[in-house]
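Novice: have a look at this fold, sequence not included:
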């Protein structure tokens with residue numbers, strides 16, 4: 001089967017949340033899930049609030065990312081987790 005490239009958007013509960021710590025824990029969960037983190041970025045939303053976007057690659061045979069999303073949403077300081085992009089890798 002092919003690999004898929006997935007982008008997760010993680011929203012913190014407030015501007016006080018340490019996104020670096022959330023990033024570290026989320027990338028650990030993604031690795032346990034079987035994904036390879038490629039890129040992370042912080043995107044300004046409004047009034048000092050920023051989202052954490054994580055792009056990773058996983059085997060499409062794994063199926064849904066719902067279990068991973070639920071695990072990340074349980075991290076301290078995380079308000080929501082959303083898959084904002086899914087693409088099939090070529091090559």
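Specialist: Now that the structure is in, tell me what you want to look at. Note that this is a predicted model, so its numbers are computed, not measured.

Novice: name the element residue 23 belongs to?
Specialist: Assessed by DSSP states H and E, residue 23 sits inside helix 19-33.

Novice: I'd like the next helix or strand past that helix.
Specialist: Once helix 19-33 ends, the next helix or strand along the chain (criterion: DSSP H and E) is strand 36-46.

Novice: list the buried residues in that following strand.
Specialist: Neighbour counts over strand 36-46 (16 or more other Cβ atoms under 10 Å) mark 37, 40 as buried. Where you see a C-beta, it was placed from the backbone N, CA and C, and this is true even at glycine.

Novice: swap in stretch 27-35?
Specialist: Buried residues in stretch 27-35 (16+ other Cβ under 10 Å): 27, 29-30, 33, 35.

Novice: now the residues you listed as a markdown table including distance to residue 76 and pLDDT?
Specialist: Formatted as a markdown table, the buried residues of stretch 27-35 follow (distance: Cβ to Cβ, whole Å; pLDDT from 0 to 100):
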| residue | distance to residue 76 | pLDDT |
| --- | --- | --- |
| 27 | 15 | 97 |
| 29 | 13 | 97 |
| 30 | 17 | 97 |
| 33 | 19 | 95 |
| 35 | 21 | 93 |
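
Novice: ok, so of these, who is nearest residue 1?
Specialist: Closest approach to residue 1 among those (Cβ to Cβ): residue 35, at 14.6 Å.
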